[in-house]
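Q: Quick check, what structure comes out for this input:
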Amino acid sequence: MSLQVERRGPVVQVTLVGPGKGNAMGPHFWREVPLVFAALDADDSVRAVVVTGSGDNFCYGLDLRTMLGEVIGPTGDDGGLARGRTVLLHKLRSMQDALTTVAACRKAVAAAISGWCIGGGVDLVAACDVRYASTEAMFSVREVKAGMVADVGSLQRLPAIIGDGHLRELALTGRNITAARAERIGLVNDVLPDPAATLAAAHAFAEEIAANPPLVVAGVKDVLDAARSPVVETGLRYVRAWNAAFMPSHDLFEAASAFNEHRPPRFTGR
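A: Residues are numbered from 1 along each chain as shown. Model (predicted):
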């Protein structure tokens, strides 16, 4: 429903296909990603993976219209009691674990990004090994504008990619940045002139990796992740506890209402 898997010799292309507008991440996405990447990890004939988006955009991020009810719903009518918060905690963990299957895949994973890459889209590309962007691509760690702390990987994985200062700027403002700026701060490895060239660059990387010894490729990833993975997991554990306690708020629902009503939100700190 949300992913298309296409085999090209030893390289597999995973394409986000919706069903939401802009390949937004709805319930199908979060269920399908761990299944797909667990299968790719287990298949010895797969040597590398390319992740891209269908249409004009890579990913609009979380499908707020469907996911707010599914994720936040259990806490909405219990007065903040423990059962609803516990359900939310486990739902957040399952979403985090879905993207961790991308990061933990023993095969090299390259992202080819065109158009918008917002919120959860940035979480996804942060879980990939390398990132290539089309010149018109735009990026945003936008969760702050939706009344929530980013909780599925950006705050944990991006420090090693772009550094603390750049991450704080993006996460605290929620501003948009161009592909050129993304390249300057190290978010993407290279910027290509158009979407076709971007996808071709990601496949060229994947094919080059596919020609290398697969056990050594897996070993390189394992060694590189040895120091980072425990830090990432500690951060993920903390943010899901934080959001289980504090994410359901007046400001969160104001952000959703403002989005649906096409107006600026009025945040009150409640």
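
Q: which residues in the stretch 151-270 of the chain form helices?
A: All helices of the stretch 151-270 of the chain, identified by DSSP state H, counting those that start in this stretch, fall at 154-157, 159-162, 164-173, 179-184, 195-210, 214-246, 250-261.

Q: by contact count, what packs against the fifth one?
A: Going back to what we said before, that points to helix 195-210. Judged by 3 or more C-beta pairs under 8 Å, 6 or more residues apart in numbering; DSSP states H and E, helix 195-210 is in contact with strand 11-16, strand 48-53, strand 108-113, strand 130-134, strand 190-192. Backbone N, C-alpha and C define where each C-beta goes, glycine included.

Q: any idea which helix or strand comes after the third one?
A: Right, the one you point to is strand 108-113. Using DSSP states H and E, the next helix or strand after strand 108-113 towards the C-terminus is strand 116-118.

Q: before we move on, the earlier item: okay, the helices of the stretch 151-270 of the chain, which one's buried deepest?
A: Most buried of the helices of the stretch 151-270 of the chain, by mean neighbour count (mean count of other C-beta atoms under 10 Å): helix 154-157, with a mean of 25.

Q: what packs against that helix?
A: Helix 154-157 packs on helix 120-126, helix 164-173, helix 214-246, going by 3+ C-beta pairs under 8 Å, 6+ apart.

Q: partners of residue 50 in the sheet?
A: residue 13, residue 110 (DSSP bridges).

Q: Isn't it up against residue 7?
A: No: Residue 50 sits out of contact with residue 7 when judged by C-beta atoms under 8 Å, with a separation of 11.3 Å.

Q: quick one, which of these two is more surrounded?
A: residue 50 (26 against 11; other C-beta atoms under 10 Å).

Q: Who are the contact partners of that one?
A: The contact partners of residue 50, by C-beta atoms under 8 Å, 6 or more residues apart in numbering, come to 11, 12, 13, 14, 109, 110, 111, 112, 199, 202, 203, 206.

Q: Go again with 7 Å.
A: 11, 13, 110, 112, 202, 203, 206 (C-beta atoms under 7 Å, 6 or more residues apart in numbering).

Q: among those residues, which two are most distant?
A: Greatest spatial distance among these (C-beta to C-beta): 11 and 112, at 12.0 Å.

Q: I'd like to know how far residue 11 sits from residue 191.
A: Computed as C-beta to C-beta, to the nearest Å, the residue 11 to residue 191 distance reads 22 Å.

Q: now swap in residue 130 and tell me
A: For residue 130, the distance to residue 191 equals 13 Å [C-beta to C-beta].

Q: And the two? Which one has more around it.
A: More crowded of residue 130 and residue 191, by other C-beta under 10 Å: residue 191, with 21 against 18.
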